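Visitor: The following comprises the amino acid sequence and a computationally predicted model.
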Amino acid sequence: MTQTTAEAPASAAVRPSVLMCRPDHFTVSYRINPWMFPQLPTDTALAVQQWEVLYRTYLDLDFDVQLIDPIAGLPDMVYAANGGFVLDGIAYGASFTHPERQPEGPAYLQWFANAGFDAREPASVNEGEGDFLLVGDVILAGTGFRSATASHEEVARLFGREVVSLNLVNPSFYHLDTAVAVLDARPGADRPRIAYLPSAFDEPSLEVLRDRFPDAILATEEDAAVLGLNSFSDGQNVVIAARATTFSRQLREAGYSPIGVDLSELLRGGGGVKCCTLELRR
Ligand SMILES: NC(=[NH2+])NCCC[C@H](N)C(=O)O
């Protein structure tokens, strides 16, 4: 008997190309989000070790993984997702909110140009894929803490796609990718699925999410508190924080294959799986 299920068919998997940055210079030396405590010591070797597991997980899944050289004095450069937003061969550069991270913008933009992308200097403050998520044909765009709404308009013009602005209200979930997980990786997919944390959004944004994604997985506060939503999916395999156990079960029930990794040391900078991963779409 053929089993019919509306959930995540195996054919939904794509082979992603991603950019990562080894955390050779990772530490927490300033505080730009509530997760960061500069007075506590960090363990850079442990951060590298944990990052290597994520890197090897992607290679084992047959992802194409590109690397950008880490720069001394830029401890947050490991969070590659913030380096830009890349779609249709165009790389929209990042312009960081906080001075501590501002030099990362040109460094990533140079990498995109060298890699053959059409690299575009941004006019507005934005933190790349931290706040811009492609879901099917639509770009979900976060604001409230980092990326300015003007960058949402810039992205809409640049990529000629519908951009849906969402307001983040909880400082612990300051980037959209800490509050939304994109599960269906196919660009242009019909009924793409996401998971999200309802309490991270204001009421009007929640209405938009409920309306557009009626079958979304709703994450628990516990899982969000270990940045469980900050995950990366190829449409079938979803790499998530190992400690997000309810999310793991929810994903399994929905037909996905969750893979847990432990990035506890990088969580101390306020980032997880997705933050360490920037998708490159030609
Ligand atoms: N895509 C992400 N959510 N990245 C996390 C960035 C963490 C970094 N310490 C910051 O606050 O900017």
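Guide: Noted; the coordinates are in hand.

Visitor: Which parts of the stretch 101-250 of the chain are strands?
Guide: 118-120, 132-135, 138-143, 163-167, 180-182, 194-196, 217-218, 232-233, 237-241 (DSSP state E, counting those that start in this stretch).

Visitor: Who are the packing partners of the second one?
Guide: Read it as strand 132-135. Taking 3 or more C-beta pairs under 8 Å, 6 or more residues apart in numbering; DSSP states H and E as the contact definition, the neighbouring helices and strands of strand 132-135 are strand 138-143, strand 180-182. Where C-beta positions appear, they are placed from N, C-alpha and C, glycine not excepted.

Visitor: Comparing the ones you listed, which comes out most buried?
Guide: For the helices and strands packed on strand 132-135, average neighbour numbers computed from mean count of other C-beta atoms under 10 Å are highest in strand 180-182, which has a mean of 27.

Visitor: re the thing from before, would you mind putting the helices and strands packed on strand 132-135 into CSV with mean pLDDT alongside?
Guide: Formatted as CSV, the entries for the helices and strands packed on strand 132-135 read as follows, by pLDDT from 0 to 100:
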stretch, mean pLDDT
strand 138-143, 98
strand 180-182, 98
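
Visitor: could I get those as CSV with distance to I71?
Guide: As requested, the helices and strands packed on strand 132-135 are exported to CSV (distance: least, C-beta to C-beta, whole Å):
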stretch, distance to I71
strand 138-143, 26
strand 180-182, 28
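
Visitor: Around the ligand, which positions in the chain sit nearby?
Guide: Counting by C-beta under 6 Å from any ligand atom, the chain comes close to the ligand at 32-33, 36, 76, 79, 81-82, 101, 130, 175, 177-178, 269-271, 275.

Visitor: Of the residues you listed, which belong to helices?
Guide: Here DSSP state H is the test, and these give no hits in helices at all.

Visitor: Tell me how many other residues crowd the residue lying closest to A216 once chain neighbours are set aside.
Guide: Once its chain neighbours are removed from consideration, A216 has its nearest residue in I194; the separation is 5.1 Å (C-beta to C-beta, 6 or more residues apart in numbering). As a burial measure, the neighbour count of I194 was computed by other C-beta atoms under 10 Å and equals 21.

Visitor: start the count at 16, not 1, going forward
Guide: Done: numbering now begins at 16, and the last item shifts to I209.

Visitor: Tell me what I209 is bridged to.
Guide: Beta-bridge partners of I209, counted by DSSP bridges, are V197.

Visitor: So it is in contact with V150, correct?
Guide: Yes. Between I209 and V150 there is a contact at 6.0 Å, judged by C-beta atoms under 8 Å.

Visitor: Next, show the common contact partners of the two.
Guide: Applying C-beta atoms under 8 Å, 6 or more residues apart in numbering, one finds that I209 and V150 are jointly contacted by V197, D199.

Visitor: The strand or helix carrying A60 - contacts with which helices or strands?
Guide: Counting by DSSP states H and E, the element that carries A60 is helix 59-75. Using 3+ C-beta pairs under 8 Å, 6+ apart as the contact criterion, the elements in contact with helix 59-75 are strand 32-35, strand 79-82, strand 252-256, strand 272-276, helix 279-282.

Visitor: Just say which of these is most tucked in.
Guide: Burial among the helices and strands packed on helix 59-75, expressed as mean neighbours by mean count of other C-beta under 10 Å, is greatest for strand 252-256, which shows a mean of 25.

Visitor: what comes into contact with stretch 158-176?
Guide: 100, 102-103, 105, 107, 110, 112, 135, 137-142, 145-147, 152-154, 156, 177-178, 180-184, 186, 189-190.
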